[in-house]
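In: Got a predicted structure here, sequence first:
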Amino acid sequence: MARAASPRSTPNTKARKEPGQSLEKFGPLRPAEQVLLKACRSGEFATIGDGKQPMQQADDKSIRPGFIRFLALGGDEYTQVHEIGIAVRGAWVDGSLDLSFCHCPRLLALMECHVAGEIIANRAQFRSLFLAGSSVHGFQADGAK
């Protein structure tokens, strides 16, 4: 008799995916995005450069905000995000990170990062959101949980 998988054993269900999103959309990944993707697949912490908050943008530390959103929503069928979630230290996020109306069922940790814009999380739902040691140019989270 076959048993149905429990929701806990399938962290990347299609219901958690954002329609139309795929890894291909991003084209060639930047070096820091490659490090983050590898860490997300294995459930490890991604340390970018020396792990300290960058004071200026550098190609090897730069991550696109849309890429973080893509991973926070579970990636796609080719980009499996470990059930632990996303944890990155020392990255430069290239602009505003819009997580409005997102359901992020995993950890989202941006530690010692610089967000070169706002984090917009209106009506978003987070399991855990950590921004310790990070600088952000604004934070909106009306109705977030």
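Out: Cool, got the structure.

In: contacts and neighbour counts: CA atoms only from here.
Out: OK.

In: buried stuff in the longest helix seen in the chain?
Out: Ranked by residue count, the top helix of the chain under DSSP state H comes out as helix 31-42. Going by neighbour count (16 or more other C-alpha atoms under 10 Å), the buried part of helix 31-42 is 32-33, 35-41.

In: Turn these into a markdown table, columns for distance to Ser135.
Out: A markdown table is the format used below for the buried residues of helix 31-42 (distance: C-alpha to C-alpha, whole Å):
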| residue | distance to Ser135 |
| --- | --- |
| Ala32 | 18 |
| Glu33 | 19 |
| Val35 | 21 |
| Leu36 | 19 |
| Leu37 | 22 |
| Lys38 | 24 |
| Ala39 | 22 |
| Cys40 | 22 |
| Arg41 | 26 |
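
In: Most widely separated two among those?
Out: Ala32 and Arg41 (14.4 Å; C-alpha to C-alpha).

In: Let me know the next secondary structure element after the longest strand seen in the chain.
Out: In the chain, assigned by DSSP state E, the strand with the most residues is strand 103-111. Once the chain leaves strand 103-111, the next helix or strand it forms, by DSSP states H and E, is strand 114-115.

In: Give me the sheet partners of that following strand and which way each runs.
Out: Strand 114-115 has the following sheet partners, assigned by DSSP bridges: strand 92-93 (parallel), strand 135-136 (parallel).

In: Can you tell me which of the ones you listed is most buried?
Out: Among these, strand 92-93 has the highest mean neighbour count (mean count of other C-alpha atoms under 10 Å), at a mean of 26.
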